[in-house]
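Peer 1: sequence and predicted structure, then a few things I'm wondering about:
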Amino acid sequence: MNRNAGNIDLLHEALKMLAARFSVTLPMARTIASNFRNEMKSGLAGYPCRLKMLPAFLGKPDGNETGTFLALDFGGTNIRLMLVELLGGRRYRIVRTRSFPLKEPLESCDYTSAKATGETLFDYIAGHIKDFIDHERIYDLGHTFSFPSRQVGTNEACLICWTKEIRTRQVEGEDVNRLLMEALRRNGIENVRPVVILNDTVSTLLAAAYKDADCDIGSICGTGHNTCYLERCFKGQGPMIINIESGNFDQLPFTIYDDILDGRSDRPGEQRLEKMVGGHYLGEIVRLAVVDFIEKNMFPINLEEDSPLRMPYFIKGEHLSLIMADENPGLSKAAAWCRDCLRINDPHWELLISLKTVAEAVSKRAAFLAGATYIGIMDHIGYRCSNHTIAVDGSLFEKMPGFSDNIAKIIKDLIPEGDLIVKVVKAKDASGLGAAVAAAMARTSSSFQ
Ligand code: BGC
């Protein structure tokens, strides 16, 4: 296709409009925060609403928990096993760690697809646990399970529904730690006792609170998105961490690309916030926008029918990070990625700048939306009652250029003036440390501290 000035003008115009459509202004962020807070209230009162507000049956640690625990982190992409030693005095040590994928690289084996069942999945995990442990000693295991689950105590969690497009059969509606225990038994592992199960946001909060007493919010900005917080007095019983399952919030400014993505997803209408914030989805939003531009003739390229750019979910969060981090005047890293991965031999500047602009707009919107919900939570807790540390874990927060700065920025812009101190920190070793802390807390009679 010939490049012509008309098309390029059109492209610049379209990019400007697109950036505007993805922008979250301060008044919009305030409205989102306030609607989010109202939804939290409805959820806590038991009214039907988008936020599940699931009690974790855990309060906050005091930092003096001790012991050595096995931690299992089930996030959806990988499984991680860790041996964690809590030393008390807010100190700990990660003794050993090992990760393995739930999907083999060539997808010869995929434990997250509808071909797998709960039994095959947990047998696979048990096999890895067997290789990881020492058979002479007894282990208490804390299980970080990153999906919406209804708990009736610290060691029983029924999966409500899969998210992040996982489809493994015969797990929804089941008590996940029971599935794990049965698999351990089937695999002859008698020295591992699952003692606690918790959401990854809860692990994040506990891990950070073990070190910093001000931490009262834990959040994940990774493949998926969700937040939990410490409710100071839950149903008159005392402090309780609540897993909000905030990814299901939906009072949001959607673009046409969000609607298309949602319509083609496994669960249309669900997890709308997560579909705008989670790393699993950001690349797909960018892909939809860029393909739309190409189809509207704004890029001087012909897109073959089998082009990777036509493949849903081909663009991953890490690709966006690479493109956004490219500060070279010719965007040479982005160009190399287009050549190597998209098989576009001579990527034009217009394509590169469009990819970068859209990626930045989508990432900034994600950070601002997450930040707006944190404000809603702090509004609910009450700003002046204490300082707040918001602990965040996940690949976007850690690795996506500008993401954590954008969260800090929107929070700074939205909090009322005054003496309040809000820190947004990266939760180190969150899933392992948090699971170990929870296991220690579950062992003592009162986990409601
Ligand atoms: C799940 C949450 C989880 C989040 C981050 C979401 O898809 O529903 O339970 O905390 O992902 O992993």
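Peer 2: Thanks, I have the structure now.

Peer 1: any idea how far A33 lies from L252?
Peer 2: Relative to L252, A33 is positioned 12 Å away (C-beta to C-beta, to the nearest Å). For every residue, glycine as well, the C-beta is placed using N, CA and C.

Peer 1: which parts of the protein are helices?
Peer 2: Assigned by DSSP state H, the chain shows helices spanning 5-22, 26-44, 118-132, 176-186, 200-211, 256-264, 274-277, 279-295, 317-325, 332-340, 349-381, 395-399, 403-414, 430-443.

Peer 1: most tightly surrounded among those?
Peer 2: Mean neighbour count (mean count of other C-beta atoms under 10 Å) peaks for helix 200-211 among those, with a mean of 30.

Peer 1: on that earlier part again, now the helices of the chain as CSV including distance to T223 and mean pLDDT?
Peer 2: Converted to CSV, those look like this (distance: least, C-beta to C-beta, whole Å; pLDDT from 0 to 100):
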stretch, distance to T223, mean pLDDT
helix 5-22, 21, 81
helix 26-44, 22, 98
helix 118-132, 17, 97
helix 176-186, 18, 98
helix 200-211, 10, 98
helix 256-264, 15, 98
helix 274-277, 10, 98
helix 279-295, 5, 95
helix 317-325, 8, 97
helix 332-340, 20, 95
helix 349-381, 13, 95
helix 395-399, 7, 96
helix 403-414, 14, 96
helix 430-443, 13, 96
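
Peer 1: now those as TSV including distance to E65?
Peer 2: TSV is the format used below for these (distance: least, C-beta to C-beta, whole Å):
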stretch	distance to E65
helix 5-22	43
helix 26-44	28
helix 118-132	22
helix 176-186	20
helix 200-211	7
helix 256-264	41
helix 274-277	31
helix 279-295	31
helix 317-325	33
helix 332-340	45
helix 349-381	24
helix 395-399	25
helix 403-414	28
helix 430-443	4
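
Peer 1: so which of the ones you listed gets nearest I242?
Peer 2: Set against I242 and scored by C-beta to C-beta, these come closest in helix 26-44, at 7.6 Å.

Peer 1: ok and the residue in the stretch 1-150 of the chain nearest the ligand?
Peer 2: S146 (3.6 Å; C-beta to the nearest ligand atom).

Peer 1: ok, how many other residues are close to that residue?
Peer 2: Each residue near S146 was counted by other C-beta atoms under 10 Å, and the total is 24.

Peer 1: that one contacts F74, doesn't it?
Peer 2: Yes - at 6.5 Å, S146 and F74 qualify as touching, with contact defined as C-beta atoms under 8 Å.

Peer 1: okay, the helices of the chain in CSV with distance to the ligand next?
Peer 2: Formatted as CSV, the helices of the chain follow (distance: least, C-beta to the nearest ligand atom, whole Å):
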stretch, distance to the ligand
helix 5-22, 22
helix 26-44, 15
helix 118-132, 17
helix 176-186, 12
helix 200-211, 5
helix 256-264, 14
helix 274-277, 5
helix 279-295, 8
helix 317-325, 13
helix 332-340, 26
helix 349-381, 11
helix 395-399, 11
helix 403-414, 15
helix 430-443, 10
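
Peer 1: figure out which of the ones you listed is closest to G63.
Peer 2: Here helix 200-211 is closest among the helices of the chain (C-beta to C-beta), at 5.5 Å.

Peer 1: chain center to that closest one: distance?
Peer 2: 14 Å (C-alpha atoms, centre = their mean, to the nearest Å).

Peer 1: tell me the contacts of the residue of the stretch 1-150 of the chain closest to the ligand?
Peer 2: 73-76, 199-200, 220, 224, 226 (C-beta atoms under 8 Å, 6 or more residues apart in numbering).

Peer 1: do that again at 7 Å, thanks
Peer 2: 74-76, 199-200, 224 (C-beta atoms under 7 Å, 6 or more residues apart in numbering).

Peer 1: most neighbours out of those, which is it?
Peer 2: D200 (30 neighbours).

Peer 1: surely that one and S431 touch.
Peer 2: Yes - with contact defined as C-beta atoms under 7 Å, D200 and S431 form a contacting pair (5.9 Å).

Peer 1: got any residues that touch both of the two?
Peer 2: T144.

Peer 1: who touches whichever residue of the stretch 201-350 of the chain sits closest to the ligand in this structure?
Peer 2: Closest contact between the stretch 201-350 of the chain and the ligand, by C-beta to the nearest ligand atom, is at G224 (2.4 Å). Going by C-beta under 7 Å, 6+ apart, G224 touches 76, 146, 163-164, 247, 274, 278, 280.

Peer 1: can you check the pLDDT for it?
Peer 2: With respect to pLDDT, G224 has a value of 96.

Peer 1: give me the neighbour count for R267.
Peer 2: 13.

Peer 1: tell me how far it lies from T163.
Peer 2: 8 Å.

Peer 1: what does I217 give?
Peer 2: 20 Å.

Peer 1: which residue does the stretch 51-200 of the chain have closest to the ligand?
Peer 2: Closest to the ligand within the stretch 51-200 of the chain is T163: 3.2 Å, counting by C-beta to the nearest ligand atom.

Peer 1: residue contacts, that residue?
Peer 2: Per C-beta under 7 Å, 6+ apart, neighbours of T163: 147-148, 224, 247, 271, 274.

Peer 1: what does A436 give?
Peer 2: 69, 71, 84, 86, 142.

Peer 1: ok, the fourth one touching Y92?
Peer 2: Looking back up the chat, that one is L86. Yes - contact status for L86 versus Y92: in contact at 5.1 Å, counting by C-beta under 7 Å.

Peer 1: so which of the contacts of S146 sit within strands?
Peer 2: F74 (DSSP state E).

Peer 1: would you reformat the contacts of S146 as a markdown table and include distance to Y313?
Peer 2: Below are the contacts of S146 laid out as a markdown table (distance: C-beta to C-beta, whole Å):
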| residue | distance to Y313 |
| --- | --- |
| F74 | 21 |
| G75 | 17 |
| G76 | 14 |
| N199 | 24 |
| D200 | 22 |
| G224 | 14 |
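
Peer 1: so what's D379 closest to, chain neighbours aside?
Peer 2: Leaving aside its chain neighbours, D379 sits nearest to R37 (4.8 Å; criterion: C-beta to C-beta, 6 or more residues apart in numbering).

Peer 1: correct me, but the one you found touches M378?
Peer 2: No - counting by C-beta under 7 Å, R37 does not reach M378; the two are 9.1 Å apart.

Peer 1: circling back: which one, of the helices of the chain, ends up nearest to M53?
Peer 2: Nearest of these (C-beta to C-beta): helix 26-44, 3.5 Å.

Peer 1: so the residue lying closest to F234 once chain neighbours are set aside bridges to which residues?
Peer 2: Spatially, and ignoring its direct neighbours in sequence, F234 is nearest to M240 (3.6 Å; C-beta to C-beta, 6+ apart). Residues in a beta bridge with M240, per DSSP bridges, are E231.

Peer 1: ok, M240 - contacts?
Peer 2: 55-56, 59, 231, 234, 448.

Peer 1: how does it look with 6 Å?
Peer 2: 55, 231, 234 (C-beta atoms under 6 Å, 6 or more residues apart in numbering).
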